[in-house]
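# how would this look folded up:
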Amino acid sequence: MAFESWYFLLGLLLIIVALFSALVKRLPLTETLIYFCAAVSLGQYGLGFVSFDPLTHSVLLERLAELAVIVSLFTAGLKLRIPLRDGRWGIPIRLAFGSMTLTVGMVALTGVFLLGLPLGAAVLLGAILAPTDPVLASGVQLEDPSDRDRLRFSLTGEAGFNDGTAFPFVMLGLGLLGLHELGDWGWRWWAVDVVWAICGGLAIGAACGVVVGRIMLHFRHEHHEGLGRDEFLTIGLIALSYGGAVLAHTYGFLAVFAAGLMLRMIEQRKSGDKKQGAVPAGKVRDAETEIATNPKTATAHMAGAVLEFNERMERILELALVLLVGLALSPGYLRFEEIGFIVILFLIVRPVAVLTGLWGNRTGSVERGLISWFGIRGIGSVYYLMYGVNRGLDPNLAWQLTSLALTVVAASVVVHGITVTPLMAWYQRRLTHG
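Below you'll find the model as predicted:
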């Protein structure tokens, strides 16, 4: 399809989304599912008006998915307004490290024995599908920084961490396929891809968040500089932390998440438990300037404005990526083994990994059950898939992994998109009425 046609299609869908957004919010479906169904109806499964080959356009898809994930991870970090010493952090950390590692292992075993994949490809598939998605999981994440719900906090924190902690397994899978250096007995993988890349990424992102946040607050307090430039702060901090982490051979995803988190922690320490957010639109200019520069309110104003801008970028990128995934689906992808694999992943692998990872934790049975179900796969999986494809995967193996990964993402969009609204409404009623 000509590039001008893509402009036309994207513009038409954006206008439709804007005009009917109020109606969509009243439906028991997620906006993501509606975008996805629109794309599928235009693609090879529907009218056949548009086709998109993910392997032909793998570099473009990798870069778009990369951008969508880093924006969403920064947003996730900004939403997590609970002090780092709080015990609630134990759940997302367990999920992002322990449960995710178990997921990689179980998916790899399934890939070898059920799908007949070589070990390296099976490990790579596990890494592609293990992380939960920060882009498509907005329906189960924290609604705003003042939200203290344990379930939403756990799922938001898990998605923030595990999009970076999955990277070592991507490198392990590529190494077992001969496409990445692991070192004798795996020493380089352990030292560089695990320890240095994870710790370094978190440290670089945290440092960027703290330094940039304090500099911006200083200029606001003392010189009234930087007002109305929160979008520059957002893009600049994301680019600085991500670029710096990648240049240092660490994981940029973790760095971006840590940068957003530390920016929020600065605000939380200065503002305490006051409700945060951007200045309402009805405020006059002088009042807005006072709030933005007053030492008591400047941090809350800055963090709220950054979050608001970031969420807008996130929605636009989500729409673009969901459309491409829907258009990329091919009838040739849907085979019997894919269906069986999806059932195993959703109903066995995810619940076992969650329940094992949370063993000994006091999380309630309802919360455990919902966490087990809402292992939403999405744009993060698309990024890791395209990352592997663009590092020299055998074409036949690349097609097989693409078939499996995109089918899983599509199934997650549909199944979780249908169930998230009623299940979360039921959960909220249960909290309200005891």
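
# hey, let's count contacts and neighbours off CA atoms from now on
Will do.

# what about the stretch 251-400 of the chain, any weak spots by pLDDT?
Residues of the stretch 251-400 of the chain that meet the criterion pLDDT under 70 lie in 271-304.

# Helices of that one, start to end?
Shown for the stretch 251-400 of the chain, the helices assigned by DSSP state H, counting those that start in this stretch span residues 252-271, 285-293, 298-328, 336-344, 350-357, 365-373, 379-389, 395-433.

# Go ahead and measure how far the third one is from the middle of the chain.
The one in question is helix 298-328. Average the C-alpha atoms of helix 298-328, do the same for its chain, and the two points are 11 Å apart (C-alpha atoms, centre = their mean, to the nearest Å).

# Can you name every helix or strand that it contacts?
When contacts are defined as 3 or more C-alpha pairs under 8 Å, 6 or more residues apart in numbering; DSSP states H and E, helix 298-328 sits against helix 31-42, helix 58-79, helix 197-223, helix 230-247, helix 252-271, helix 285-293, helix 395-433.

# avg pLDDT for the first one?
Read it as helix 31-42. For helix 31-42, the per-residue pLDDT values average out at 84.

# quick revisit: looking at the helices of the stretch 251-400 of the chain, which is closest to residue 194?
Distances from residue 194 to each of the helices of the stretch 251-400 of the chain were compared by C-alpha to C-alpha, and the smallest falls on helix 252-271, at 12.3 Å.

# buried residues in the closest one?
Along helix 252-271, these residues count as buried under the neighbour rule (16 or more other C-alpha atoms under 10 Å): 252-268, 271.

# can you tell me how far residue 185 sits from residue 196?
For residue 185, the distance to residue 196 equals 17 Å [C-alpha to C-alpha, to the nearest Å].

# So these two - more neighbours on which side?
Summary of the neighbour comparison: residue 185 and residue 196, criterion other C-alpha atoms under 10 Å, with residue 196 having more neighbours (17 against 8).

# dump the residue contacts of that one.
residue 250 (C-alpha atoms under 8 Å, 6 or more residues apart in numbering).

# now swap in residue 188 and tell me
Under the criterion of C-alpha under 8 Å, 6+ apart, the contact list for residue 188 reads 181-182.

# in which helix or strand would I find the spatially most central residue of the chain?
The residue at the geometric middle of the chain, judged as the C-alpha nearest the mean C-alpha position with C-alpha atoms, centre = their mean, is residue 134 (2.3 Å). Assignment of secondary structure by DSSP states H and E places residue 134 within no helix or strand.

# For residue 247, see how far away the residue lying closest to it once chain neighbours are set aside is.
Leaving out its chain neighbours, the residue that sits closest to residue 134 by C-alpha to C-alpha, 6 or more residues apart in numbering is residue 159, at 5.1 Å. For residue 159, the distance to residue 247 (C-alpha to C-alpha) stands at 24 Å.

# okay, those two: which has more neighbours?
Just comparing residue 159 and residue 247: by other C-alpha under 10 Å the higher neighbour count belongs to residue 159, 29 against 11.

# that older thread, check the helices and strands packed on helix 298-328 for me and report the most buried one.
Each of those was assessed for mean neighbour count using mean count of other C-alpha atoms under 10 Å. The highest is helix 252-271, with a mean of 27.

# related to what we said a few turns ago, tabulate the helices and strands packed on helix 298-328 (JSON lines), appending distance to residue 343.
Written out in JSON lines, the entries for these read as follows (distance: least, C-alpha to C-alpha, whole Å):
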{"stretch": "helix 31-42", "distance to residue 343": "19"}
{"stretch": "helix 58-79", "distance to residue 343": "25"}
{"stretch": "helix 197-223", "distance to residue 343": "31"}
{"stretch": "helix 230-247", "distance to residue 343": "35"}
{"stretch": "helix 252-271", "distance to residue 343": "29"}
{"stretch": "helix 285-293", "distance to residue 343": "51"}
{"stretch": "helix 395-433", "distance to residue 343": "10"}
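
# Looking at the ones you listed, spot the one closest to residue 155.
Among the helices and strands packed on helix 298-328, the nearest to residue 155 by C-alpha to C-alpha is helix 58-79 (10.1 Å).

# Just the CA trace of that closest one, in PDB.
Extracted in PDB, the C-alpha atoms of helix 58-79 (Å, rounded to 0.1, in the frame of the first residue of the first chain):
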ATOM      1  CA  SER A  58      10.900  -5.700  10.500                       C
ATOM      2  CA  VAL A  59      13.200  -2.700  11.100                       C
ATOM      3  CA  LEU A  60      10.300  -0.200  11.000                       C
ATOM      4  CA  LEU A  61       8.200  -2.400  13.300                       C
ATOM      5  CA  GLU A  62      11.100  -2.800  15.700                       C
ATOM      6  CA  ARG A  63      11.700   1.000  16.000                       C
ATOM      7  CA  LEU A  64       8.000   1.800  16.400                       C
ATOM      8  CA  ALA A  65       7.500  -0.900  19.100                       C
ATOM      9  CA  GLU A  66      10.700   0.300  20.800                       C
ATOM     10  CA  LEU A  67       9.400   3.900  20.900                       C
ATOM     11  CA  ALA A  68       5.900   2.800  22.200                       C
ATOM     12  CA  VAL A  69       7.500   0.600  24.900                       C
ATOM     13  CA  ILE A  70       9.900   3.300  26.300                       C
ATOM     14  CA  VAL A  71       7.100   5.900  26.400                       C
ATOM     15  CA  SER A  72       4.800   3.500  28.200                       C
ATOM     16  CA  LEU A  73       7.500   2.400  30.600                       C
ATOM     17  CA  PHE A  74       8.200   6.100  31.500                       C
ATOM     18  CA  THR A  75       4.500   6.600  32.100                       C
ATOM     19  CA  ALA A  76       4.400   3.500  34.300                       C
ATOM     20  CA  GLY A  77       7.200   4.800  36.400                       C
ATOM     21  CA  LEU A  78       5.400   8.100  36.800                       C
ATOM     22  CA  LYS A  79       2.200   6.400  38.000                       C
END
